[in-house]
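Trainee: build the 3D model from these lines:
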Amino acid sequence: MDIQLTPQLPCSACGTELLLSATVPHPRFRNATTTYELCPHCHADDAAAQGLLAFFALTPTVDAASSLSFARLVQEWLQQLPEPAVVSQEAFEQDVEAFHRGDFDS
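Mentor: A predicted model of the protein is given here:
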């Protein structure tokens with residue numbers, strides 16, 4: 001698991017500055033990872049993110065004194081996130097066919 005505090009990196013959904021990103025092993029695919037972002041705007045109403053959002057509101061940086069609390073909150077957040085979506089075999093095959101037809105060419 002790779003946790004990055006990501007000041008100045010934009011949220012991929014809204015462009016707001018991220019608080020952190022977490023790259024974790026993909027739950028179904030060996031040798032693959034998935035990355036989750038914590039955005040103060042996009043996750044403001046997300047119950048799973050409330051602990052971390054409160055942490056960052058009170059403690060803008062992680063230091064030795066706050067590292068255990070931070071690690072616990074990150075773990076709780078990650079455990080509550082939905083698994084990444086999986087593309088169905090049918091949808092994958094349709095995309096491959098579209099690619100071969102040139103549908104994705106600009």
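Trainee: hey, where'd the helices end up in the protein?
Mentor: Using DSSP state H, the helices of the chain run over 50-58, 67-80, 89-101.
Trainee: can you redo the ones you listed as JSON lines with mean neighbour count and distance to Ile3?
Mentor: Backbone N, C-alpha and C define where each C-beta goes, glycine included. Shown next, in JSON lines, are the helices of the chain (neighbours: other CB atoms under 10 Å; distance: least, CB to CB, whole Å):
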{"stretch": "helix 50-58", "mean neighbour count": "15", "distance to Ile3": "11"}
{"stretch": "helix 67-80", "mean neighbour count": "14", "distance to Ile3": "6"}
{"stretch": "helix 89-101", "mean neighbour count": "10", "distance to Ile3": "31"}
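Trainee: of all these, which one is nearest Arg30?
Mentor: With CB to CB as the measure, helix 89-101 is the member of those nearest Arg30 (18.1 Å).
Trainee: in CSV: the helices of the chain, plus distance to Pro27 and mean pLDDT.
Mentor: Output for the helices of the chain, formatted as CSV (distance: least, CB to CB, whole Å; pLDDT from 0 to 100):
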stretch, distance to Pro27, mean pLDDT
helix 50-58, 20, 95
helix 67-80, 11, 94
helix 89-101, 18, 91
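Trainee: closest one to Met1 among those helices?
Mentor: Nearest of the helices of the chain (CB to CB): helix 67-80, 7.9 Å.
Trainee: nearest residue to the spatially most central residue of the chain in space, please, no chain neighbours.
Mentor: Nearest residue to the geometric centre of the chain (CA atoms, centre = their mean): Tyr36, 0.7 Å. Distances taken as CB to CB, 6 or more residues apart in numbering put Ala22 closest to Tyr36, at 4.9 Å, once the chain neighbours are dropped.
Trainee: who's in contact with stretch 56-65?
Mentor: Leu5, Leu19, Pro40, Ser66, Phe70 (CB atoms under 8 Å, 6 or more residues apart in numbering).
Trainee: what number of residues lie near the fourth one?
Mentor: Other residues near Ser66 number 14, with proximity taken as other CB atoms under 10 Å.
Trainee: residues touching it, list them.
Mentor: Phe55, Thr59.
Trainee: do you know how far it is from Val74?
Mentor: As judged by CB to CB, to the nearest Å, Ser66 and Val74 stand 12 Å apart.
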